[in-house]
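Student: need a structure here:
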Amino acid sequence: MQNNDVFELLFSLSKQVTPYLSGQLLSQLTTDDEQENLHISRDNSLSIQALYDRLSQESEEAGNAYWLTRTWDLLCWQPIYISFISVYQLHAIPDIKNMSQLVQSNFIAGFTFHHSELTFGSPEKIVPVAASQLMTLFDSYREDISLWTRIRPGFTNHLIADGLLNCVIKLQTFHPELSNEYLIEQAELWLTAFNLPNKHLSSLKVDLVSNQLKLVRTSCCLVYKCNGRNLCEDCPRHPDNKGL
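Tutor: Now for the predicted structure:
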């Protein structure tokens, strides 16, 4: 299979996860389209701040902690999802670090790969490659944000850990044949590659009814602070998760 065919499969699989995860190669874009995207080579601080400001206007009652958490989660969700799809479906990892992301009003959806190189291998081989690229990309986002507000590495690390473990749970959803033991091993592989402590593995619980893993996050996205919104099912504040 040629690299372009692998990318077309990646784009197809991504849309099966969610239609918002819509990708393409740079060769399919015009110059004008490309200017609308976040990219590691640019100063993205003003674009990210504008997204933060729109979120604050949309939910004034929620407060800056929610706006910052939501902004960070929006920046990270696509790269993490794409990495998991690539590793476990294609056994390959693209150039995640140099991908562009499209900001759409108060959301980030749509991505572009600038290069068609791929690194093939087992999860044990390519997860560290993916993690290294993701850490570089996320560090650049944090530096962009730090130009206009305080954002601690400890804060972002908790959100990243929860984002990784959330994708482990989704991996189980799409591949129910995978054992809990294997998924926990993969979770540990990702955490280690990100230099995150294994204590985050305690967020993965075995549901006594389904015997499948469930996630109780260590971080709260604070969406309940928005009018008309409730606690997420995987929130540590949720009554069902107390004592787990």
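Student: And the residue nearest the centre of the chain?
Tutor: In the chain, the centroid-proximal residue (C-alpha atoms, centre = their mean) is Trp77; its distance is 2.6 Å.
Student: Could you verify that that one is part of a helix?
Tutor: Yes - judged by DSSP: H, G, I helix; E, B strand; the rest coil, Trp77 forms part of a helix.
Student: how about it, what does it touch?
Tutor: Taking C-beta atoms under 8 Å, 6 or more residues apart in numbering, we find Trp77 in contact with Ile108, Gly163. For glycine as for every other residue, the C-beta is placed from the backbone atoms N, C-alpha and C.
Student: Model confidence for it, exactly?
Tutor: Here, the pLDDT recorded for Trp77 equals 98.
Student: how close does it get to Val17?
Tutor: From Trp77 across to Val17, the span is 11 Å (C-beta to C-beta, to the nearest Å).
Student: Also Thr69?
Tutor: 22 Å.
Student: what's the neighbour count on Leu183?
Tutor: When neighbours are counted by other C-beta atoms under 10 Å, Leu183 registers 19.
Student: pretty sure it contacts Lys170?
Tutor: No - counting by C-beta atoms under 8 Å, Leu183 stays clear of Lys170, with 10.6 Å between them.
Student: which SS class is the nearest residue to His200 once chain neighbours are set aside?
Tutor: Counting by C-beta to C-beta, 6 or more residues apart in numbering, His200 lies nearest to Ala161, which is 4.4 Å off, once chain neighbours are set aside. The local conformation at Ala161, judged by three-state DSSP, is helix.
Student: these two touch, right, Ala161 and Ser202?
Tutor: No - under the criterion of C-beta under 8 Å, Ala161 makes no contact with Ser202, lying 11.0 Å away.
Student: quick one: which of those two has more around it?
Tutor: The residue with more neighbours, out of Ala161 and Ser202, is Ala161; 23 against 10, by other C-beta under 10 Å.
Student: and His115, what is it in contact with?
Tutor: Leu26, Pro94, Asp95, Asn98.
Student: Mind checking which of the residues you listed are buried?
Tutor: Buried by 16 or more other C-beta atoms under 10 Å: Leu26, Pro94, Asn98, out of the contacts of His115.
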